[in-house]
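Undergrad: model this:
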Amino acid sequence: MLKLRHLKGGFNALYKKERVVFYIFATLLCVSFLSMIVRLNNKFLVTIPEDGGSISEGIIGTPTLVNPVLAVTDADKDLVELVYSGLMRKDSNGEYIPDLAESYTISPDGTIYTFILKDNIVFHDGSPVTANDIIFTINKIHDPLIKSPKKIQWEGVTAEIKDSKTVVFTLKQPYVSFLNNTTIGILPANIWQNITPLEFGLSNLNIKGIGSGPYMIESVDHTSDGIPNVYNLTRFKEFTLGRPHIKKFTIKSYSNEKELIQNLKNGNIDQAGGISPLFAETINKNKSQIITSVLPRSFGIFFNQNTNKILGDISVRKAIDLGVDRTLIINEVLKGYGSTINSPIPLSKKSSSTNSTNTFDQNIDSAINLLEKNGWKVGIDGIREKGATTSVTTGKGKNKKTIQVEKGPKTRLSFTMTTGDTPELTQTAELIKSNMRALGIEVNVKVYETGALNQIIRTRDYEALLFGQVVTNDGDLFAFWHSSQKNDPGLNIALYNNQAMDILLEQIQKIMPQNEKEKKYNNLETLYKNDIPAVFIYSPKYIYAVSKKLNLQEPLTTTVPKDRFKAVYLWYTESNMIWKIFSN
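TA: Numbers count the residues shown, from 1 in each chain. Down below sits the predicted model:
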């Protein structure tokens, strides 16, 4: 048998150079073996969230109505999203999942929704959540003295208690987006029941709200003037969808975006949402990660054909559609934080893109040819014009022919475009003006502050309006495009009137399989592109600068800014590595 002394003797017999070679090969063998072990180990390892850590986020504005019934501003709604729970909640895919509810059923005709609550659900103060709290909250929304901004969404809906765990909602008519209503945060009736309607908006409970959401308000810091400016939150361990991983969450208020970004750069806050493209360019990428989500906001030019007959010419509207350089606007105005669009259907509701594959130069050529073909000729100052024509017959017999001859003064291809006084809109308006000048179309831009612009929109006193729409559900499409909504307070600002479109808009309000709904959307888009009542240009992205230590777990999807918090209970800043077999 080979003994250790024999090996030792053999090793000592090696020359010095041979020993060096031996050491090198032995070292390489050990390194290779260890590397193989590490790779094999990593193959079976997974990252899991660990509880702990904290996050501080800055917002613009001061939350003073942390109350789901009263919240109006984005600042209020951010805190409501963190503090309160509803029967349902949206997940990262925009789907509705049960929150306080254990289950729900919908009647075949879509008018009766029955919700059964989960067992052992409680508010932050430990009191149980019951059907009575649900009814109490909805009654407060209905109360005309409270003037809840949610009231219009609950018109025609009655709520009844079947038992302590069951609530029944009855609708006057089917409403496909009703589940979104049920994400409303629920108030604890035992705390609010003695607050009169006149005191409702003044109660201190609107500052230190009590809900059943993922985070509860631990304390509130105030300025020297008594204005709340820092909300210190701690996780609610009894949250129905699971105990949040991050223990502490701080919300700090700032008066404007410049101040917000400065505090982000200085490290006074970890993250900030709703950042404008211009400020996003200045953020230190070593400290923050930029996460984006396409918003359901669609910006475009809406035509009022009643105030400028030129815009009643379909060739002109189509030429404008072809002549807008959408990519340039995305790059110059939004700094790349946006998507080009060409229809009123939100990108989130379309199964595939229908944008043209033509280059911008090809579109320009098509637009010019279209205008030329329809009699719009370039004048001496480069702006197109067209005179009224009459039919004139010349010649006799075989030489007889009828030609179109211009008569009277010529019409100049010109229109006025009205918009708001935000940098994004004014810059976009100037680029559109330049685009149209290249086609021989004159655009006069008028800019108004918000109050004046709202009045102009209400009276429909514009020729073309550069403006945006927010389409969060199918009901919004109805409000923006159904002919019954042409007059104030309706939102059909293009004054569009198409019976076939009306029928489609009414049909998509009903509950139906997704593939059928997509067909309706496709038909709706076809009608729109045949008429071009508006020219859609871009959909901006929500820009969220978050701490590099933060893992969101799921993709960011936002319909409105507060949606960034819908999966906050899944976020984590600390993690560990374990073998897969131990992760379940």
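Undergrad: buried ones in stretch 75-83, by neighbour count?
TA: Neighbour-count burial for stretch 75-83 flags 75-83 (criterion: 16 or more other Cβ atoms under 10 Å). Every C-beta, even on glycine, is put in place using the N, C-alpha and C of the backbone.
Undergrad: out of these, which sit inside helices?
TA: Residues of the buried residues of stretch 75-83 located in helices (DSSP state H): 75-83.
Undergrad: in JSON lines: those residues, plus distance to Ile191.
TA: Converted to JSON lines, these look like this (distance: Cβ to Cβ, whole Å):
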{"residue": "Ala75", "distance to Ile191": "22"}
{"residue": "Asp76", "distance to Ile191": "18"}
{"residue": "Lys77", "distance to Ile191": "21"}
{"residue": "Asp78", "distance to Ile191": "22"}
{"residue": "Leu79", "distance to Ile191": "17"}
{"residue": "Val80", "distance to Ile191": "16"}
{"residue": "Glu81", "distance to Ile191": "20"}
{"residue": "Leu82", "distance to Ile191": "18"}
{"residue": "Val83", "distance to Ile191": "13"}
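Undergrad: which stretches of the protein have low pLDDT?
TA: The model of the chain has pLDDT under 70 over residues 1-23, 25-26, 28, 31-47, 348-357, 389-408, 474, 575-584.
Undergrad: could you verify that Ile116 is part of a strand?
TA: Yes. Counting by DSSP: H, G, I helix; E, B strand; the rest coil, one finds Ile116 located in a strand.
Undergrad: and it, bridged to which residues?
TA: Beta-bridge partners for Ile116, by DSSP bridges, are Ser103, Thr166.
Undergrad: ok, back up a step: of the ones in helices among the buried residues of stretch 75-83, which is the nearest to Ile537?
TA: Nearest to Ile537, judged by Cβ to Cβ, of those is Lys77 at 27.2 Å.
Undergrad: neighbours around the nearest residue to the closest one once chain neighbours are set aside, how many?
TA: Closest residue to Lys77 apart from its sequence neighbours, by Cβ to Cβ, 6 or more residues apart in numbering: Lys562 at 4.3 Å. Neighbour count for Lys562, taken as other Cβ atoms under 10 Å: 19.
Undergrad: coming back round to it: which pair in the ones in helices among the buried residues of stretch 75-83 spans the largest distance?
TA: Spatial extent of those (Cβ to Cβ) is set by the pair Ala75 and Val83 at 12.9 Å.
Undergrad: mutual contacts of those two, please.
TA: Common neighbours of Ala75 and Val83 are not found (criterion: Cβ atoms under 8 Å, 6 or more residues apart in numbering).
Undergrad: now the strands for the stretch 101-250 of the chain?
TA: Taking DSSP state E, counting those that start in this stretch as the test, the strands found in the stretch 101-250 of the chain are 101-106, 112-117, 157-163, 166-171, 215-222, 228-235, 248-254.
Undergrad: format these as a markdown table; extra columns: mean neighbour count and distance to Gly209.
TA: Listed next are the strands of the stretch 101-250 of the chain as a markdown table, based on neighbours: other Cβ atoms under 10 Å; distance: least, Cβ to Cβ, whole Å:
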| stretch | mean neighbour count | distance to Gly209 |
| --- | --- | --- |
| strand 101-106 | 15 | 21 |
| strand 112-117 | 20 | 20 |
| strand 157-163 | 14 | 21 |
| strand 166-171 | 18 | 22 |
| strand 215-222 | 17 | 6 |
| strand 228-235 | 20 | 10 |
| strand 248-254 | 20 | 12 |
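Undergrad: quick one: closest of these to Leu570.
TA: When the strands of the stretch 101-250 of the chain are compared by Cβ to Cβ, strand 228-235 sits nearest Leu570, at 12.1 Å.
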